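Peer 1: next one to model:
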Amino acid sequence: MLALREISFGNHRFNEIARNTGAPRDRLAARLRALVEAGILERRQYQASPPRWDYHLTPAGRDLAPVLRALLVWGDRWVSPEPPATLRHGDHDLDLDWICRRCGQAPDEGSVTVHANTPGWDLRGPQPR
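Peer 2: Down below sits the predicted model:
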């Protein structure tokens, strides 16, 4: 998630991602490779000689933006006394809320339930036949 955060902040090169995450280089290389294989990131060549690549979010990776924002908000509230970064929306701080598109209401705790959609499963997992 830290690598995705950095790439979403505009840090596309391996050295930038490594510096800002503090991840060991071998571990980071393996994670970036896995994210490329999963279709979350794509590598783009920015230099031919010697060959050098950077990383960019794919549409699937960009769809993780709400997850990254939620983690940022959580960290600002529970981890850091002073937010290390602020998201801006034009000329003001971004202030998001979770709203149901169908009814326009903000769900409160207890009004959201989970339903298993996979045949043969319930919320405990697969059910015996």
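Peer 1: what residues of stretch 54-71 count as buried?
Peer 2: In terms of neighbour count (16 or more other CB atoms under 10 Å), stretch 54-71 has its buried residues at 54-55, 57, 61, 68. Heads up, the C-betas are built off the backbone N, CA and C, glycines and all.
Peer 1: okay, domains of this structure per the record?
Peer 2: Here the chain is described, according to automatic domain parsing, as comprising the domains 1-63, 66-107.
Peer 1: make TSV from the ones you listed and add mean pLDDT and distance to G125 to it.
Peer 2: Compiled in TSV, these are given as follows (pLDDT from 0 to 100; distance: least, CB to CB, whole Å):
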stretch	mean pLDDT	distance to G125
domain 1-63	96	24
domain 66-107	90	24
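Peer 1: which of these sits closest to R124?
Peer 2: Among the domains of the chain, domain 66-107 comes nearest to R124, with 23.4 Å by CB to CB.
Peer 1: circling back: so which of the buried residues of stretch 54-71 comes closest to D93?
Peer 2: For these, the nearest to D93 is L68 (16.3 Å; CB to CB).
Peer 1: how near is the closest one to D108?
Peer 2: Applying CB to CB, to the nearest Å, the value for L68 to D108 is 24 Å.
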